[in-house]
Every structure is written in structure tokens, then in C-alpha cells.
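Chemist: mind folding the following:
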Amino acid sequence: MIAHTSLPVSDYKKAKEFYTKVLATLGYTQNMEYGEAAGFNDGKNTDFWIGTNEKGVVPTHVAFEAKNKEEVEAFYKAALAAGGKDNGAPGYRKDYWPGYYAAFIHDADGHNIEAVWYDYDAK
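Modeler: Below is the predicted model:
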């Protein structure tokens, strides 16, 4: 089980503002900060972090689990409104498996951020 993960960002202030808005749609709050590193809590654990990195930024992929389709859609809308770039509108990804409902965006550093809901009733 992963306890937490961290993404390097090039513009800390801009990234913190972006993730605070976008992750709120999934029930996260920004609750910790150490210098130019911010932690986000899902109500149970501070499991997602962003921060500056002197080695630079290499884009990566992170997926957040949503509670339902509406959270996936709210995540996508909030991400676009906050400056994210579309990388896949909300919808079923039947090539993954029939109940995989997700949306993808790129943040300002090119990270591929996903919200996914697992619809176990889908066929």
C-alpha cells in the first residue's frame, strides 16, 4: 500500500493554487506545508505532495480514485478552469475494462493527472 507520493513542480505557487482547487473536487484539502512543499489530505491521510525540486521536473502520471462519476466530471471541469489541459474527457475506458470511468488532464508541468471511478456494475 502506498502511503504517499510527491510530484516535482516548476512553479510552486501556481501548482499549489491549481492542486488546491482541483483536488477539492475529490475531497482533498491542502493541510501541510514545509518551505516549497505542500501536502494534501483526503480526510484520512496526507497522501499527495507537490514541491520544488532542484533536479527539475520529469512529467509523470498520478491517478486519484473518485467516489462516483460526478466527482470525475467535477475534477475535469475544475482542472480545465484552473488552467489544466485536456488529456481525455470523462468517460468509460472500455479498452482498460468495462467499468473504468476516468478523465485525464495535464498540469502546467505536463504531469498526466487522472480521476477514476470504478463502476463495478458496468458490463
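
Chemist: so residue 7 belongs to a strand, correct?
Modeler: Yes: Residue 7 forms part of a strand when assessed by DSSP: H, G, I helix; E, B strand; the rest coil.

Chemist: could you count how many residues lie near it?
Modeler: Residue 7 is surrounded by 21 other residues when neighbours are defined as other CB atoms under 10 Å. Heads up, the C-betas are built off the backbone N, CA and C, glycines and all.

Chemist: run through the residues that contact the spatially closest residue to it that is not a sequence neighbour.
Modeler: Among residues not flanking residue 7 along the chain, residue 50 sits closest, at 5.2 Å (CB to CB, 6 or more residues apart in numbering). The neighbours of residue 50, taking CB atoms under 8 Å, 6 or more residues apart in numbering as the test, are 6-9, 12, 15-16, 19, 37-38, 40.

Chemist: enumerate the beta-bridge partners assigned to residue 50.
Modeler: Counting by DSSP bridges, residue 50 is bridged to residue 7, residue 38.
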